[in-house]
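# model the structure of this input:
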Amino acid sequence: MPIRIKKEAVKRGIINRVKEISGIDINTCLQCKKCTNGCPVSGYTASSPSEVIKKLQLGAGEELLDSEIIWTCVSCATCFSRCPMEIDMARVMDALRVMAEETGAAKPDGNMPLMNKILLGTIKTFGRTYDLGAMALYKAGTASYMKDMDKVPMILKKGKIALLPSQGADKKIVKQIFNHLEKARKK
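Numbers count the residues shown, from 1 in each chain. Reported below is the predicted structural model:
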């Protein structure tokens, strides 16, 4: 039996909004799955980066915003470095996070959205991440004040975390980036 394709407008889901926010055209994806094969978190989530792209290409809507991978993605850019089409999946995931926040989509178990918000806040304030400040804010936000505190002296002793924020970042440029993103979000 032949398949008939009707000449109708196909529902595009949220793909256009993702492109608008991220600037990434994911329609160029070849589905080679190199992004998924290198992803350090894809084995721990129900969806992989290549599946997210395929779902968007097939017209996925806001149900994709409930996926835990958008909050689990660590934005390490391994996917981007492996992609033959140079699709910056971290930017796509950031766009999906923005959309999830805008729509009030379901948050995953745990505190990934809180940590994301705190880290971005420290970058906005100091020009780069301030780990000790982020830890303190996270502890306050989760009311887990004493959990893992026994590890802090060793972390400080080994120099893995600084007591004061780094002064090396150009705060003006970082502020311009955040202002640009806020203006783009309002459009």
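
# ok, which stretches of this protein are helices?
All helices of the chain, identified by DSSP state H, fall at 15-22, 34-38, 49-57, 69-72, 78-82, 89-103, 112-126, 131-142, 152-157, 171-186.

# reformat the ones you listed as CSV; add distance to P165 and mean neighbour count.
(Glycine included, C-beta is placed from N, CA and C.) CSV is the format used below for the helices of the chain (distance: least, CB to CB, whole Å; neighbours: other CB atoms under 10 Å):
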stretch, distance to P165, mean neighbour count
helix 15-22, 28, 18
helix 34-38, 32, 19
helix 49-57, 32, 22
helix 69-72, 25, 22
helix 78-82, 27, 19
helix 89-103, 23, 20
helix 112-126, 4, 16
helix 131-142, 7, 15
helix 152-157, 15, 11
helix 171-186, 10, 11
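
# in JSON lines, list these along with mean pLDDT.
Output for the helices of the chain, formatted as JSON lines (pLDDT from 0 to 100):
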{"stretch": "helix 15-22", "mean pLDDT": "91"}
{"stretch": "helix 34-38", "mean pLDDT": "92"}
{"stretch": "helix 49-57", "mean pLDDT": "92"}
{"stretch": "helix 69-72", "mean pLDDT": "86"}
{"stretch": "helix 78-82", "mean pLDDT": "91"}
{"stretch": "helix 89-103", "mean pLDDT": "90"}
{"stretch": "helix 112-126", "mean pLDDT": "85"}
{"stretch": "helix 131-142", "mean pLDDT": "87"}
{"stretch": "helix 152-157", "mean pLDDT": "85"}
{"stretch": "helix 171-186", "mean pLDDT": "80"}
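
# quick one: closest of the ones you listed to L163.
Among those, helix 131-142 comes nearest to L163, with 6.2 Å by CB to CB.

# how much does the closest one deviate in direction from helix 112-126?
140 degrees (axes from the mean of the first three to the mean of the last three CA atoms, to 10 degrees).

# contacts for helix 131-142, please.
By CB atoms under 8 Å, 6 or more residues apart in numbering, the residues outside helix 131-142 that reach it are 111, 114-115, 118-119, 121-122, 126, 145, 147, 161-163, 165.

# closest to I155 among the residues you listed?
Among the contacts of helix 131-142, and counting by CB to CB, the member closest to I155 is I161, at 5.1 Å.

# hmm, that closest one is touching I155, no?
Yes. Between I161 and I155 there is a contact under CB atoms under 8 Å: 5.1 Å.

# residues near A143, how many?
Burial of A143 is recorded as 7 neighbouring residues (other CB atoms under 10 Å).

# distance of it from L120?
Computed with CB to CB, to the nearest Å, the distance linking A143 and L120 is 21 Å.

# one step back: what would the helices of the chain look like in a markdown table with distance to T28?
Output for these, formatted as a markdown table (distance: least, CB to CB, whole Å):
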| stretch | distance to T28 |
| --- | --- |
| helix 15-22 | 11 |
| helix 34-38 | 13 |
| helix 49-57 | 10 |
| helix 69-72 | 20 |
| helix 78-82 | 13 |
| helix 89-103 | 12 |
| helix 112-126 | 27 |
| helix 131-142 | 35 |
| helix 152-157 | 42 |
| helix 171-186 | 22 |
